[in-house]
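S.K.: Okay, structure incoming, though there's no sequence with it:
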DNA sequence: GGTTTAAACGGACCCCGGTCCGCTTTCATT
DNA sequence: AATGAAAGCGGACCGGGGTCCGTTTAAACC
């Protein structure tokens, strides 16, 4: 993209201009504030732009779309969660037996999922994160399944275990099937027990 | 559903006025035609109205929303599928062992789901059908699980088995995980085998 | 400091889903 | 056939997401 570069930048990452970076920051801040003081649904792009003191076009140039902006907002939380999974304390993080980690993984996903349900829905399948936090999660679950010694199509099995943890499914369970959170947590344990028994 | 009814109507169902019924029919026809000749996404409410020769307001009065209209379009197909499940030939319909019916159910849902993915997505969680064809399906799956003799929280387990059959999950598997249809079908068989083994 | 150029900016503009309300049509009653 | 009221109708209108393009600005090079 930039053939006349002097310092070798990390691969193909083009640095942002100062004003662009400043606007990105203030837009994220503005969006976060607005989300905090009202429900996600009623946060409009124009409002975010106004609050950040920039034009609407700028919001779209920086974040592609509404979904993109929401995904960016989510990134902080999501990254923290992924860090907890990859290197936090057991049983969610490494150090516990794979089975226990899988149990903890589900419980943790149910909690964070429901806590940020609004944002996650609004983020849709934006950008690199295809559907919820699926890419990362499926690799992780697949890995744990392997460690446990499960055989078969682990990639498919991983997506099947992840599916009941998706926001729309969880909301359907809570709002239309009348399941309590407790019951869902317990159900996850039971599902794992069934799938993993030898 | 049957506008030319002579017998007393069931309870509080108010019959539609002649012009209203006529418009409902032509709107559905117009929508079906438009959907057929281009992808669902680019079918706008105004276009449907124009084609049916009515005002836009009429479309919304008859079908509530875009989702409602799409759900109505889907109803024919969906009803046929439900009929096949409830009273069609085995193994999908009654007559086969419950296990086999569950296997057939998944395969059938994967096929019909992907075939009408566009409409189903566009129908969202409109009206009575909360999320995909979930209400009906969860009752059915729950029933089959009972027949098989599975014990535990069947309601939750049913939603867990249904989750991997949802359109977004299927599309994620096909488009981002690179799974083939064959692999998904096999995976379903395998998932059932794991969950149902005694 | 001046020049140049690619990037960023902003807000007018477009499209679409959805609402509103004054006018028209149906149809039950007489 | 006339009439009254409830239901239906249609299209102007609104708000929100997304695009476009003439103008401004950062920053690399002189």
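M.R.: Structure's in. What do you need? These numbers were taken from a predicted model, which means no experiment stands behind them. Numbering: from 1, shown residues only, chains lettered A, B, ... in the order given.
S.K.: looking at it, residue A:113 is touching residue A:121, isn't it?
M.R.: No: if you go by C-beta atoms under 8 Å, residue A:113 and residue A:121 don't touch, sitting 10.4 Å apart. C-beta coordinates here come from the backbone N, C-alpha and C atoms, glycine included.
S.K.: Between those two, which has more neighbouring residues?
M.R.: The residue with more neighbours, out of residue A:113 and residue A:121, is residue A:113; 19 against 16, by other C-beta atoms under 10 Å in any protein chain shown.
S.K.: Can you tell me how far the more buried one is from residue A:168?
M.R.: As defined by C-beta to C-beta, to the nearest Å, residue A:113 lies at a distance of 10 Å from residue A:168.
S.K.: For the two, list the residues in contact with both.
M.R.: Common neighbours of residue A:113 and residue A:168 are not found (criterion: C-beta atoms under 8 Å, 6 or more residues apart in numbering or on different chains).
S.K.: Isn't residue A:54 up against residue A:25?
M.R.: No: using C-beta under 8 Å, residue A:54 makes no contact with residue A:25, being 11.3 Å away.
S.K.: who has more neighbours, the two?
M.R.: The neighbour count for residue A:54 versus residue A:25, taken as other C-beta under 10 Å, is higher for residue A:54 (19 against 12).
S.K.: Just give the number of residues close to the nearest residue to that one once chain neighbours are set aside.
M.R.: Leaving aside its chain neighbours, residue A:54 sits nearest to residue A:23 (5.4 Å; criterion: C-beta to C-beta, 6 or more residues apart in numbering or on different chains). Using other C-beta under 10 Å, residue A:23 is surrounded by 21 other residues.
S.K.: mind checking how far residue A:23 is from residue A:59?
M.R.: 9 Å.
S.K.: Please enumerate the shared neighbours of the two.
M.R.: In contact with both residue A:23 and residue A:59: residue A:52, using C-beta under 8 Å, 6+ apart.
S.K.: overlap in contacts of residue A:113 and residue A:121?
M.R.: residue A:167.
S.K.: Check which helices and strands the helix or strand residue A:27 falls within is in contact with.
M.R.: Residue A:27 is part of helix A:18-37 when elements are defined by DSSP states H and E. When contacts are defined as 3 or more C-beta pairs under 8 Å, 6 or more residues apart in numbering or on different chains; DSSP states H and E, helix A:18-37 packs onto helix A:45-52, helix A:56-63, helix A:66-87.
S.K.: and if we set it to 10 Å?
M.R.: helix A:45-52, helix A:56-63, helix A:66-87, helix A:117-123 (3 or more C-beta pairs under 10 Å, 6 or more residues apart in numbering or on different chains; DSSP states H and E).
S.K.: avg pLDDT for it?
M.R.: On average, the pLDDT along helix A:18-37 is 96.
S.K.: Name the residues of that helix that come out as buried.
M.R.: Buried positions in helix A:18-37, judged by neighbour count with 16 or more other C-beta atoms under 10 Å in any protein chain shown: A:23, A:24, A:26, A:27, A:28, A:30, A:31, A:34, A:35.
S.K.: What of stretch A:145-157?
M.R.: Buried residues in stretch A:145-157 (16+ other C-beta under 10 Å): A:145, A:148, A:150, A:153, A:154, A:155, A:156, A:157.
S.K.: ok, the last one to residue A:172 distance?
M.R.: Distance, residue A:157 to residue A:172, by C-beta to C-beta: 22 Å.
S.K.: Repeat that for the fourth one.
M.R.: Using C-beta to C-beta, residue A:153 is found at 26 Å from residue A:172.
S.K.: Over to the third one?
M.R.: Taking C-beta to C-beta as the criterion, residue A:150 is separated from residue A:172 by 27 Å.
S.K.: The first one too?
M.R.: Taken as C-beta to C-beta, the spacing of residue A:145 relative to residue A:172 amounts to 25 Å.
S.K.: what do you get for the fifth one?
M.R.: In this structure, residue A:154 and residue A:172 are separated by 26 Å, where distance is defined by C-beta to C-beta.
S.K.: still on that earlier bit, just name the most buried of the helices and strands packed on helix A:18-37.
M.R.: helix A:117-123 (a mean of 19; mean count of other C-beta atoms under 10 Å in any protein chain shown).
S.K.: In contact with residue A:38, which residues?
M.R.: residue A:47 (C-beta atoms under 10 Å, 6 or more residues apart in numbering or on different chains).
S.K.: same check, this time on residue A:157
M.R.: Counting by C-beta under 10 Å, 6+ apart, residue A:157 has contacts A:138, A:141, A:142, A:145, A:150, A:151, A:195, B:164, B:187, B:190, B:191, B:194.
S.K.: Could you rerun that using 8 Å?
M.R.: Per C-beta under 8 Å, 6+ apart, neighbours of residue A:157: A:142, A:145, A:150, A:195, B:187, B:190, B:191.
S.K.: What subset of the residues you listed is buried?
M.R.: Counted by 16+ other C-beta under 10 Å, the contacts of residue A:157 give A:142, A:145, A:150, A:195, B:187, B:190, B:191 as buried.
S.K.: got a markdown table for those residues, with pLDDT and distance to residue A:89 too?
M.R.: Below are these laid out as a markdown table (pLDDT from 0 to 100; distance: C-beta to C-beta, whole Å):
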| residue | pLDDT | distance to residue A:89 |
| --- | --- | --- |
| A:142 | 97 | 22 |
| A:145 | 97 | 22 |
| A:150 | 96 | 25 |
| A:195 | 96 | 25 |
| B:187 | 98 | 33 |
| B:190 | 97 | 33 |
| B:191 | 98 | 31 |
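S.K.: what residues does stretch A:103-120 touch?
M.R.: So stretch A:103-120 is contacted by A:35, A:39-41, A:70, A:73-74, A:77, A:81, A:84-85, A:90-92, A:96, A:132-133, A:137, A:140-141, A:144, A:161, A:165-167, A:170-171, A:174, A:181, A:184-185, A:188-189, A:192 (C-beta under 8 Å, 6+ apart).
S.K.: Which neighbouring elements make contact with the helix or strand hosting residue A:146?
M.R.: Under the criterion of DSSP H and E, residue A:146 resides in helix A:134-148. Judged by 3+ C-beta pairs under 8 Å, 6+ apart, the packing partners of helix A:134-148 are helix A:66-87, helix A:98-115, helix A:154-162.
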